[in-house]
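**Student:** here you go, sequence then predicted model.
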Amino acid sequence: MVIHGVAALALCMLAGTLVGEVLGAAVGVDANVGGVGFAMIMLVLVTSWLRRKGWFPEPSEQGVLFWSALYIPIVIAMAATQNVVKAVTGGPMALLAGLAALVAGGALVPVLGRMGGTAEPLPPQAAEEKQEV
């Protein structure tokens, strides 16, 4: 069932948030430190393990895929706006770190583009496959 995939996603998100909060408290920061990242890693590991065991049928996987299409852009937007005012008022180091990440990411775009090389295009879909989508 699709709801099982959504439940797996929700449980991983709750566990990741808990780990992020505990890690934040352990390092003395009043914030969630990496909770979303931990949740994503847990989701990948848990769903992979469930697939190997045969306990994660196709409809459950569709539940995870549905929310992942929405989840990742929303989380990125939330993370991009988190503590922006504090970072800007905190001094130039936050701005330098952001600019360095931007420049490094931009510099890696051509490198990553060349890594894959050229490949044959996919064959056209059959009429049956088009109706399923």
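**Tutor:** Arrived safely, thanks for sending. Nothing here was measured: the structure is a model prediction, and the numbers come from that model.
**Student:** flag the shaky bits of the protein, pLDDT-wise.
**Tutor:** Low-confidence segments of the chain (pLDDT under 70): 1-2, 71-72, 75-76, 78-88, 127-133.
**Student:** quick one: the helices in it, in order.
**Tutor:** 2-27, 35-53, 58-81, 84-89, 92-115, 127-132 (DSSP state H).
**Student:** which among those helices is found nearest to Pro121?
**Tutor:** helix 127-132 (15.8 Å; CB to CB). No exception for glycine: its C-beta is placed from N, CA and C like everyone else's.
**Student:** so Pro59 makes contact with Gly5?
**Tutor:** Yes. At 7.4 Å, Pro59 counts as touching Gly5 under the criterion of CB atoms under 8 Å.
**Student:** among those two, which residue is more densely surrounded?
**Tutor:** Gly5 (25 against 12; other CB atoms under 10 Å).
**Student:** isn't that one up against Val64?
**Tutor:** Yes. Between Gly5 and Val64 there is a contact under CB under 8 Å: 4.1 Å.
**Student:** about what we covered before: can you lay out the helices of the chain as TSV showing distance to Pro121?
**Tutor:** Shown next, in TSV, are these (distance: least, CB to CB, whole Å):
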stretch	distance to Pro121
helix 2-27	31
helix 35-53	29
helix 58-81	24
helix 84-89	42
helix 92-115	17
helix 127-132	16
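**Student:** gap between Ala69 and Gly91?
**Tutor:** Per CB to CB, to the nearest Å, Ala69 is found 38 Å from Gly91.
**Student:** I misspoke; the intended subject was Leu11.
**Tutor:** Counting by CB to CB, the gap from Leu11 to Gly91 is 39 Å.
**Student:** between those two, which one's more packed in?
**Tutor:** Comparing Leu11 with Gly91 by neighbour count (other CB under 10 Å), the higher total belongs to Leu11, at 14 against 9.
**Student:** separation between that one and Phe56?
**Tutor:** Going from Leu11 to Phe56 by CB to CB gives 13 Å.
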